[in-house]
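**Q** build me a model:
(2 chains)
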Amino acid sequence: MMLSKGLKRKREDELEKETLAVDAWWLGPRPPAVAQAPPAVASSSLFDLSVLKLHHSLRQSEPDLRHLVLVVNTLRRIQASMAPEAPLSPVPSPPPAPGAAADSLLASSDAALSASMASLLEDLSHIEGLSQAPQPLVDEGPPGRPTSGAPPSLGALDLLGPATGCLLDDELEGLFEDIDTSMYDSELWAPASEGVKPGPEAGPGKEETLELDEAELDYLLDVLVGTQALERPPGPGR
Amino acid sequence: MAGAGGGNDIQWCFSQVKGAIDDDVAEADIISTVEFNHSGELLATGDKGGRVVIFQQEQENKIQSHSRGEYNVYSTFQSHEPEFDYLKSLEIEEKINKIRWLPQKNAAQFLLSTNDKTIKLWKISERDKRPEGYNLKEEDGRYRDPTTVTTLRVPVFRPMDLMVEASPRRIFANAHTYHINSISINSDYETYLSADDLRINLWHLEITDRSFNIVDIKPANMEELTEVITAAEFHPNSCNTFVYSSSKGTIRLCDMRASALCDRHSKLFEEPEDPSNRSFFSEIISSISDVKFSHSGRYMMTRDYLSVKIWDLNMENRPVETYQVHEYLRSKLCSLYENDCIFDKFECCWNGSDSVVMTGSYNNFFRMFDRNTKRDITLEASRENNKPRTVLKPRKVCASGKRKKDEISVDSLDFNKKILHTAWHPKENIIAVATTNNLYIFQDKVN
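**A** Modelled structure (predicted):
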């Protein structure tokens, strides 16, 4: 299943999926990731699908750049069509600091791409809840978009204008959006929230970041245990 | 169009099929590239497991001249192995993305094969004699005590069973950060280009420790990335000219004499979008999956998701010919996006005289378009048409409405059976068509 963990699905989507599953047989044995959209497609389900594809693409150890770029560009089109009146204010992005010289192959530049994609996803995860609503209600004022700390660096990949005033499914979510989660922004530490929060990816995949964190934990424990051992006289059979 | 083929009333017949019969496809056996050599005598395939298999056409049987020679296995070797990039903790796939033959200069054959990161030059040579008569070793292979050797015996070459050896002569590595999608040998036969998603490098065949970067579309800020390189090819006659295609449906022609870094194109080929066909998927389906110059060098052909376009190099603003491969899929784009089929990369090829072009489709169908008669034909690569010299029956897809007899409806197409790779013999009407794990060879009917 291509559904990312913690992604909320509206009940209507579930029903849609069941009824359309039968129609999907002609596509062969590949399981559909989400509900089959009928030909006259609703933008919000196409948006969801594209976001899932983006997630999936970024989860690869080495994303297919062409696939990634095409999905992102399609996502931009969809988002533009969903909120045609909202001004897309490009968020000024801090210049990426790959550090390494331009020619050094480019784990760092890939890291910059991954980092920007990750921050993009982070922010998309906030509005994923927003996109579940069938119609954007333009009159509604934008719910508190997180502006704590540095704004997410998006540059031209800016997919998030100010929120279009879609209803939050869960108002409690809105309360947490102002909290700066950058300190503990990895799956290991994230509070149980609806959105997907991949940690900042600086190079190797997330799984590896997780392992590092666990490794750090182990190290800390070892240090603690070692300290305690020093305080106690070493006994037999230690 | 009873029996009439895609060009000058060619009737295509089944000739051979290579590969496992069972439907259970081993991942490693998936064919990833097919290429005839310059004479057409050799046919190479690469697969996902990193192997190259070369077939050789047997010399025409003078007695039984009802068909051209069959292709039989000539050489099989492991070209690329899976590798691990320790810096990035990534596994590098051994899948062969492309094979390109060098023109033959001596008894040996040379080809370039590439995976995502490394290009290799392979020499394939025949050995049908071996030296015999050494008197330096005992029967069991141990070297004799030199003091016991009292005569000088010069070994003599004696015939032996033909042995075909493949040896890697050059390894061109560490020049591509992103995945290599194309290699193309220059008409000077000394240099070649390799292209990945963002860069194109120029190599000399003799020099492996450096290459020249000739195109770089990587933006300073990766967040601004909106377009990637999808294919590249050298002009067949003009050694300073090459083209590269993009994911936005553009083709850029570059002249290496203009500057060392060919970031500024000499020509930009792009067809304006048809506003009536606009959709969210417009960009994805405009992404060019293959670009091939005609043998003459006057035209180039591009393949995007739904069509094949022929461009005159002298006209940049639109193609001179457009052929619809499977227009009936246009209304299914959303579903094809969902199951990722919309990202499939089909290749295309010219026949030897540039009069017919061919490309693959789904359900193991492939299509041919005759540029002169404007007729097209759909054929199927299937084991059902297995008898040699059986003329292939044209197939037809029913887009909508009442399905006629022998037609297949769009909803019945098998989208897991895709023909991405096809090749046409440079001189004869012999074609090689790759399904997932089988290679089909078809010929025109010879009377």
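
**Q** okay, now the unreliable bits of the chain?
**A** Just going to use chain A. A:1-43, A:84-215, A:218-219, A:224-238 (pLDDT under 70).

**Q** you looked at the wrong chain, it should be chain B
**A** B:1-8, B:61-67, B:447.

**Q** separation between B:Leu439 and A:Leu75?
**A** 38 Å (C-beta to C-beta, to the nearest Å). No exception for glycine: its C-beta is placed from N, CA and C like everyone else's.

**Q** residues touching B:Glu428, list them.
**A** When contacts are counted by C-beta atoms under 8 Å, 6 or more residues apart in numbering or on different chains, B:Glu428 touches B:Gly40, B:Arg68, B:Gly352, B:Gln443.

**Q** switch the cut-off to 7 Å
**A** Each residue near B:Glu428 by C-beta atoms under 7 Å, 6 or more residues apart in numbering or on different chains is listed here: B:Gly40, B:Arg68.

**Q** for my notes, confirm it occurs in a strand.
**A** No - secondary structure assignment (DSSP: H, G, I helix; E, B strand; the rest coil) places B:Glu428 in coil, not in a strand.

**Q** wait, B:Gly46 sits on B:Glu94?
**A** No - using C-beta atoms under 7 Å, B:Gly46 is not in contact with B:Glu94; the gap is 9.9 Å.

**Q** residue contacts, B:Asp29?
**A** Counting by C-beta under 7 Å, 6+ apart, the residues that B:Asp29 touches are B:Gly19, B:Ala20, B:Asp47, B:Gly49, B:Asn437.

**Q** so the fourth one belongs to a strand, correct?
**A** What it means is B:Gly49. No - counting by three-state DSSP, B:Gly49 is not found in a strand; it is coil.

**Q** that one is in contact with B:Ala26, isn't it?
**A** No - counting by C-beta under 7 Å, B:Gly49 stays clear of B:Ala26, with 8.0 Å between them.

**Q** what is the burial count for B:Phe346?
**A** 24 (other C-beta atoms under 10 Å in any protein chain shown).

**Q** separation between it and chain A?
**A** Per C-beta to the nearest C-beta, to the nearest Å, B:Phe346 is found 14 Å from chain A.

**Q** check B:Arg130 too.
**A** Distance, B:Arg130 to chain A, using C-beta to the nearest C-beta: 45 Å.

**Q** which ones are touching that residue?
**A** Applying C-beta under 7 Å, 6+ apart to B:Arg130 gives the contacts B:Phe157, B:Arg158, B:Met160.

**Q** checking B:Ile183 next. Helix, strand or coil?
**A** Secondary structure state of B:Ile183, per three-state DSSP, is strand.

**Q** does it have beta-bridge partners, and which?
**A** Assessed by DSSP bridges, B:Ile183 has beta-bridge partners B:Ser194.

**Q** that one contacts B:Ile99, correct?
**A** No - if you go by C-beta under 7 Å, B:Ile183 and B:Ile99 don't touch, sitting 8.4 Å apart.

**Q** what residues of stretch B:31-42 count as buried?
**A** Neighbour counts using 16 or more other C-beta atoms under 10 Å in any protein chain shown place B:Ile31, B:Ser32, B:Thr33, B:Val34, B:Glu35, B:Phe36, B:Asn37, B:Gly40, B:Glu41, B:Leu42 of stretch B:31-42 among the buried residues.

**Q** what's the burial count for the residue lying closest to the first one once chain neighbours are set aside?
**A** Taking C-beta to C-beta, 6 or more residues apart in numbering or on different chains, and ignoring the residues beside it in sequence, B:Ile31 has B:Ala434 as its nearest neighbour in space, at 4.1 Å. Other residues near B:Ala434 come to 28 when the count uses other C-beta under 10 Å.

**Q** B:Ala434 against B:Thr33, yeah?
**A** No - using C-beta under 7 Å, B:Ala434 is not in contact with B:Thr33; the gap is 8.2 Å.

**Q** which parts of the stretch 301-447 of chain B are strands?
**A** Secondary structure of the stretch 301-447 of chain B, counting by DSSP state E, counting those that start in this stretch: strands at B:307-312, B:321-324, B:348-350, B:356-360, B:365-370, B:376-380, B:396-398, B:407-409, B:421-424, B:430-434, B:439-444.

**Q** could the ones you listed go into JSON lines alongside distance to B:Thr118?
**A** Converted to JSON lines, the strands of the stretch 301-447 of chain B look like this (distance: least, C-beta to C-beta, whole Å):
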{"stretch": "strand B:307-312", "distance to B:Thr118": "31"}
{"stretch": "strand B:321-324", "distance to B:Thr118": "35"}
{"stretch": "strand B:348-350", "distance to B:Thr118": "25"}
{"stretch": "strand B:356-360", "distance to B:Thr118": "27"}
{"stretch": "strand B:365-370", "distance to B:Thr118": "31"}
{"stretch": "strand B:376-380", "distance to B:Thr118": "36"}
{"stretch": "strand B:396-398", "distance to B:Thr118": "40"}
{"stretch": "strand B:407-409", "distance to B:Thr118": "42"}
{"stretch": "strand B:421-424", "distance to B:Thr118": "21"}
{"stretch": "strand B:430-434", "distance to B:Thr118": "23"}
{"stretch": "strand B:439-444", "distance to B:Thr118": "24"}
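
**Q** tell me which of those strands sits nearest to B:Phe415.
**A** Nearest to B:Phe415 among the strands of the stretch 301-447 of chain B is strand B:365-370 (11.3 Å), distances taken as C-beta to C-beta.

**Q** is the closest one anywhere near chain A?
**A** No - using C-beta under 7 Å from any C-beta of the partner chain, strand B:365-370 never reaches chain A; the gap is at least 14.8 Å.

**Q** just the angle between that strand and strand B:439-444, please?
**A** Using axes from the mean of the first three to the mean of the last three C-alpha atoms, to 10 degrees, the direction of strand B:365-370 lies 30 degrees away from that of strand B:439-444.

**Q** could you export strand B:365-370 as CSV, CA atoms only?
**A** Taking Å, rounded to 0.1, in the frame of the first residue of the first chain, the C-alpha atoms of strand B:365-370 are listed here in CSV:
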residue,chain,number,x,y,z
PHE,B,365,1.3,-4.5,-29.2
PHE,B,366,3.8,-2.6,-31.4
ARG,B,367,3.1,-0.1,-34.1
MET,B,368,4.6,0.8,-37.4
PHE,B,369,4.0,4.0,-39.4
ASP,B,370,4.8,4.2,-43.1
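
**Q** lovely, talk soon.
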